[in-house]
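> Sequence and predicted structure below; questions after.
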Amino acid sequence: MSRLSCRSGFGWGAHAPPRAVSGASPETQTSKKLRRRRRSKHARARALPGSRANAKSFRLVEQLEFVFSRPGKPVVSGRNSEFEAKARNLLGAVGATILARSVRVEWNSRLRSAAGRADFRCALVSLNPRLVDHGEAEIDRTLRHELAHLLAQFRADRRRISPHGAEWRAACRDLGIADETRCHTLPFPVNRRAHRFIYICPNCRRDFPRVRKLRRAVACLPCCRAHNGGAFDRRFRLRLTSQV
């Protein structure tokens, strides 16, 4: 039996696929073996307790531990059971028991300029972790602000409402923040982007500047309210007039 057939038949059987054969010379293979032996020798020397290399590595580890063991601010992320319990109590007190059973509250580090965000589709309130630097009162106010968005849409059911309209203001009064404004004044970084797309309503001729291009049909809300009870009407669908 040839050398090639013996080697290929070891793991694959008699009908093994052909293997690639290296074209390295015997001198090259010998030099590779010597380099592997030297590396293993140095590795064993570094592992010895009294070796100089081992002492250097321990000093480096101590320096790294000294640098990374400094106390810092606690990382705020994920769901918060304390705020969820508070949200359930607030919503239950105003009669929104169904919403109270499903509401969730979380810290969201992806929020930059916004203090909070409310998503009625999944009954979720997201809070900016930067609120921790501004005290418990600011966190409580932001939580109630976002809960007012959920409560307003819950009361409106399927009817479309303005984010900071009369329904939201009524919900703010019920949640104990009657003087709440639509925007906060906290020193959060503001990410300003140029409005590259300008849309116009064909009925009232009002402009609607947008940063991104609209991906779906959007109509003018004031015109839909005035002529179609707030429901979507294709007559008032926004039209793109200019693009920068």
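Received the coordinates, thanks. Numbering: from 1, shown residues only.
> Give me the contact list for stretch 220-239.
159-162, 199-204, 206, 208, 214, 217-219 (Cβ atoms under 8 Å, 6 or more residues apart in numbering). (Each C-beta comes from the backbone N, C-alpha and C, glycine too.)
> mind redoing it with 7 Å?
Applying Cβ atoms under 7 Å, 6 or more residues apart in numbering, the contact partners of stretch 220-239 are 159-160, 199-204, 206, 208, 214, 217-219.
> Format those residues as TSV; extra columns: distance to L91, secondary structure and neighbour count.
Formatted as TSV, the contacts of stretch 220-239 follow (distance: Cβ to Cβ, whole Å; DSSP: H, G, I helix; E, B strand; the rest coil; neighbours: other Cβ atoms under 10 Å):
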residue	distance to L91	secondary structure	neighbour count
R159	19	coil	11
R160	21	coil	13
Y199	36	strand	19
I200	39	strand	16
C201	36	coil	20
P202	40	coil	13
N203	38	coil	17
C204	37	coil	11
R206	35	coil	13
F208	33	strand	18
L214	33	coil	13
A217	33	coil	9
V218	30	coil	14
A219	31	strand	19
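> distance between the ends of stretch 226-234?
14 Å (Cα to Cα, to the nearest Å).
> Need the phi and psi values for the residue nearest to the spatial centre of the chain.
The geometric centre of the chain, computed from its C-alpha atoms, lies nearest to R110 (Cα atoms, centre = their mean), at 4.6 Å. When read as degrees, to the nearest 10, the backbone of R110 gives phi -80, psi -20.
> please begin residue numbering at 45 from this point
Yes, from this point I'll number from 45; that puts the last item at R154.
> Which pLDDT value goes with it?
Per-residue pLDDT puts R154 at 87.
> ok, now how distant is it from I183?
18 Å (Cβ to Cβ, to the nearest Å).
> low-scoring pLDDT stretches of this protein, where are they?
45-76, 84-120, 233-236 (pLDDT under 70).
> Mind doing that once more with 50?
45-68, 101-102, 104-116 (pLDDT under 50).
> can you give me the strands in it?
122-123, 148-151, 160-163, 168-171, 241-244, 251-254, 283-287 (DSSP state E).
> For K77, find the nearest of those strands.
K77 lies closest to strand 122-123 among the strands of the chain, at 52.8 Å (Cβ to Cβ).
> what pairs with the closest one, and is each one parallel or antiparallel?
Partner strands and pairing direction for strand 122-123 (DSSP bridges) are strand 148-151 (antiparallel).
> All good on my end, thank you.
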